[in-house]
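Student: After the sequence you'll find the predicted model.
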Amino acid sequence: MGNPHVAIFPLSGAMGHLLPLVQFVKQLCSLHGFSITLIISKWRWTSQQPAVLQLLASSGLDIRFKEIPDVIVDEDEADMKIETLISKFVLKAKPHIEDALQSLHSSSPISAFVTDFFCTDLLNVGAKLNLPTYLFFSASASLLSFMMHLPTLVSEIEVSFKDADFDVEVPGLPPIPARDLPTPIQDRSKSAFKWFVYHSSRFKEASGILINTFAELEEEAIKALSTPATPPIYPIGPLLLPESDTPDESSCLKWLDEQPPSSVLFVSFGSAGVLSREQITDLAIGLEASGHRFLWVLRGYKSGDSSSLETDISQLLPEGFESRTWDRGLVLLNWAPQVPILSHPCTGGFLSHCGWNSTLESVCHGVPMITWPLFAEQAMNKVILVKQIKVAIDLKMDQKGFVKREEVERAVRKLMEGEEGRMARKKMKELKEKAKMAVMEGGSTIKATARVAADLSASTINVM
Ligand code: UDP
């Protein structure tokens with residue numbers, strides 16, 4: 001019998017979903033002898049995707065690609081959020097994905113199909129083709145626990161979360177203020193709410209759910225998920241990008257080399273986070289007033305509901321900022337080599353939007369955080385980081401999400417020089433060790449990956 005052949009449809013337009021899945025694919029091939037076919041759509045690609053997939057193609061591993069025809073998603077509906085767009089895209093792409101699976105299977109039988117957790121309509125395709133279908137959950141076990149519980153919550157609570165002043169109880173999580181729940185479900189009247197609840201309600205149909213976390217990081221959420229109501233879960237993280245995959249186009253690592261150990265605050269809002277011009281000013285002045293060193297990724301600014309890229313840094317920063325901070329600050333307009341920055345001995349803190357990949361990267365390198373959530377489930381991650389795992393300093397925002405310069409200064413000082421920062425740093429160092437253990441022989445992640453590899457290859461005879 002040949003190597004197990006698994007087909008995967010990633011949500012490749014979303015880097016935060018694609019990057020960890022790519023790492024998992026590499027592990028399945030290199031450690032467990034899998035043959036993988038990635039079914040690819042170029043919908044919403046940026047300049048990043050070809051490079052990521054090119055690296056995979058040249059890895060020497062048994063990985064193939066099958067591209068489906070382009071689909072056009074009607075973006076006319078007013079106020080259409082990404083969750084709605086993705087869901088509509090999947091409905092349009094579905095027949096092509098079914099065709100791709102059938103043609104792949106006829107040349108080399110497929111033992112399982114894996115897809116993204118926002119692609120639950122593909123569970124129908126898996127069922128039709130009698131193919132065990134697994135979901136890849138690129139976010140935290142805490143979010144998964146919340147989503148498993150969401151259909152019940154929605155039946156119990158009638159108001160929109162944005163209008164609620166209470167905390168919500170979720171199995172395995174600290175109480176979460178309703179307004180810190182994921183942004184797509186804040187307003188019940190929006191289509192994103194309906195789609196989010198819809199996907200949540202379908203998770204139980206999956207053959208299993210692969211989560212980018214490790215058992216020791218989210219013990220309580222994982223325990224809460226280990227019930228017969230949830231399909232088998234596999235905490236197979238942290239799935240991080242290797243340092244060699246992120247080139248240092250701006251030479252910021254050389255700049256970091258010249259700073260004192262643990263002295264630099266890294267400031268970044270992920271692949272899509274942008275601030276208003278007014279907010280950029282207050283962040284800049286707060287950073288300056290803190291007196292601490294910083295490395296700030298500032299790719300553009302937000303105006304209204306859209307974001308604009310800027311090529312001239314001085315257009316974005318307050319007047320004279322660069323000349324006043326030249327000896328202790330660096331501002332980048334490029335894509336930053338985030339993992340090498342976080343693993344650098346001179347990095348001492350991370351002011352982050354709390355995207356789950358950024359969170360894992362900070363944990364794995366023992367860097368304590370300041371939380372500045374912007375959208376998606378980032379505010380929920382903040383609550384977990386501050387209240388449950390206790391590795392981050394909370395940043396106070398006003399009702400509109402604005403952070404004043406004084407608050408930036410206070411939080412930076414608290415993290416970089418205060419007692420709370422010291423405790424967060426100590427806790428992060430412990431978690432870093434636990435993350436290392438999880439991926440060593442006999443560790444929890446290695447065992448979970450072996451378990452999922454066995455399950456993905458179990459069904460070798462399919463009736464398509
Ligand atoms: N990233 C990076 N350089 C940047 C911005 C982001 O390498 O300048 C990487 C980061 O290391 C992480 C991913 O992009 O792996 C962002 O994922 P995350 O879940 O943190 O946030 P998202 O971008 O999905 O909001």
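Tutor: Alright, I've got the coordinates.
Student: Run through the neighbouring helices and strands of the helix or strand bottoming out on mean pLDDT in the chain.
Tutor: Across the helices and strands of the chain, mean confidence by mean pLDDT, DSSP states H and E is lowest for strand 306-309: a mean of 74. Here strand 306-309 touches strand 300-303, going by 3 or more C-beta pairs under 8 Å, 6 or more residues apart in numbering; DSSP states H and E. For the C-beta atoms, the positions are set from N, CA and C on the backbone; glycine is no exception.
Student: The stretch 351-464 of the chain against the ligand: which residues are in contact?
Tutor: Gly355, Trp356, Asn357, Ser358, Glu361 (C-beta under 6 Å from any ligand atom).
Student: which one among those gets closest to the ligand?
Tutor: Nearest to the ligand, judged by C-beta to the nearest ligand atom, of those is Gly355 at 2.4 Å.
Student: who's in contact with the least confident helix or strand of the chain?
Tutor: Identification of contacts with strand 306-309 by C-beta atoms under 8 Å, 6 or more residues apart in numbering yields Ala272, Val274, Arg299, Gly300, Tyr301, Lys302.
Student: ok now do the closest residue to the ligand within the stretch 51-200 of the chain, which residues does it touch?
Tutor: At 7.5 Å from the ligand, Ser138 is the closest residue in the stretch 51-200 of the chain, using C-beta to the nearest ligand atom. Ser138 sits next to Gly16, His17, Pro20, Leu21, Asp116, Phe117, Asn212, Trp356, Asn357 when contact means C-beta under 8 Å, 6+ apart.
Student: Now it. Its backbone dihedrals?
Tutor: Dihedral angles phi and psi of Ser138 (degrees, to the nearest 10) take the values phi -80, psi 0.
Student: which one is it nearest to, not counting chain neighbours?
Tutor: His17 (4.5 Å; C-beta to C-beta, 6 or more residues apart in numbering).
Student: Quick one: name whatever helix or strand follows the helix or strand containing the one you found.
Tutor: Secondary structure from DSSP states H and E places His17 in helix 15-32. Going down the chain from helix 15-32, the next helix or strand is strand 35-40, by DSSP H and E.
Student: what does the stretch 201-350 of the chain put close to the ligand?
Tutor: Counting by C-beta under 6 Å from any ligand atom, the stretch 201-350 of the chain sits next to the ligand at Leu241, Thr246, Ser268, Gly270, Ser271, Ala272, Val297, Trp335, Ala336, Gln338, Val339.
Student: Let me have the residues you listed in JSON lines, extended by pLDDT.
Tutor: Output for those, formatted as JSON lines (pLDDT from 0 to 100):
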{"residue": "Leu241", "pLDDT": "82"}
{"residue": "Thr246", "pLDDT": "73"}
{"residue": "Ser268", "pLDDT": "98"}
{"residue": "Gly270", "pLDDT": "93"}
{"residue": "Ser271", "pLDDT": "86"}
{"residue": "Ala272", "pLDDT": "85"}
{"residue": "Val297", "pLDDT": "96"}
{"residue": "Trp335", "pLDDT": "85"}
{"residue": "Ala336", "pLDDT": "92"}
{"residue": "Gln338", "pLDDT": "94"}
{"residue": "Val339", "pLDDT": "94"}
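Student: which residue packs closest to the residue of the stretch 1-150 of the chain found nearest the ligand, ignoring adjacent ones?
Tutor: Proximity of the stretch 1-150 of the chain to the ligand (C-beta to the nearest ligand atom) peaks at Gly16, 2.5 Å away. In space, and not counting its chain neighbours, Gly16 is closest to Asn357: 5.4 Å by C-beta to C-beta, 6+ apart.
Student: What would the one helix or strand that neighbour maps to look like as CSV? C-alpha coordinates only.
Tutor: Following DSSP H and E, one finds Asn357 within helix 356-364. Below are the C-alpha coordinates for helix 356-364, written out as CSV (Å, rounded to 0.1, in the frame of the first residue of the first chain):
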residue,chain,number,x,y,z
TRP,A,356,-3.7,34.0,17.5
ASN,A,357,-0.6,33.3,15.5
SER,A,358,1.1,36.4,17.0
THR,A,359,0.0,35.2,20.4
LEU,A,360,1.5,31.7,19.9
GLU,A,361,4.7,33.2,18.5
SER,A,362,5.1,35.4,21.6
VAL,A,363,4.4,32.5,23.9
CYS,A,364,6.9,30.3,22.2
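Student: What are the contacting residues of it?
Tutor: Contacts for helix 356-364 (C-beta under 8 Å, 6+ apart): 16, 19-20, 138-140, 143, 212-213, 217, 237-240, 268, 270, 338-339, 342, 350, 352, 368-369, 377, 381, 385, 391, 428, 431-432, 435.
Student: For Phe118, which non-adjacent residue is closest in space?
Tutor: The spatially closest residue to Phe118, leaving aside those adjacent along the chain, is Ile86, at 4.9 Å (C-beta to C-beta, 6+ apart).
Student: Can you turn the buried subset of the residues of the stretch 351-464 of the chain next to the ligand into a selection I can paste into ChimeraX?
Tutor: In ChimeraX syntax, the buried subset of these is picked out as below (16 or more other C-beta atoms under 10 Å):
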select :355,356,357,358,361
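Student: I'd like the residues of the stretch 351-464 of the chain next to the ligand as JSON lines, with distance to Asp167 and pLDDT appended.
Tutor: As requested, those are exported to JSON lines (distance: C-beta to C-beta, whole Å; pLDDT from 0 to 100):
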{"residue": "Gly355", "distance to Asp167": "23", "pLDDT": "96"}
{"residue": "Trp356", "distance to Asp167": "22", "pLDDT": "97"}
{"residue": "Asn357", "distance to Asp167": "27", "pLDDT": "94"}
{"residue": "Ser358", "distance to Asp167": "25", "pLDDT": "97"}
{"residue": "Glu361", "distance to Asp167": "29", "pLDDT": "97"}
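Student: Would you map the helices across the stretch 301-450 of the chain?
Tutor: With DSSP state H, counting those that start in this stretch as the criterion, the stretch 301-450 of the chain has helices at 321-325, 338-343, 356-364, 378-383, 405-417, 419-438, 444-458.
Student: packing partners for the longest one?
Tutor: The one in question is helix 419-438. Checking 3+ C-beta pairs under 8 Å, 6+ apart, helix 419-438 ends up next to helix 356-364, strand 392-394, helix 405-417, helix 444-458.
Student: Now tabulate these in a markdown table and tack on distance to Ile72.
Tutor: A markdown table is the format used below for the helices and strands packed on helix 419-438 (distance: least, C-beta to C-beta, whole Å):
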| stretch | distance to Ile72 |
| --- | --- |
| helix 356-364 | 29 |
| strand 392-394 | 41 |
| helix 405-417 | 42 |
| helix 444-458 | 33 |
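Student: Which strands and helices lie in contact with the lengthiest helix in the chain?
Tutor: Using DSSP state H, we find that the single longest helix of the chain is helix 82-107. Packing contacts for helix 82-107, counted by 3+ C-beta pairs under 8 Å, 6+ apart, involve strand 5-9, strand 35-40, strand 63-67, helix 122-128, helix 191-202.
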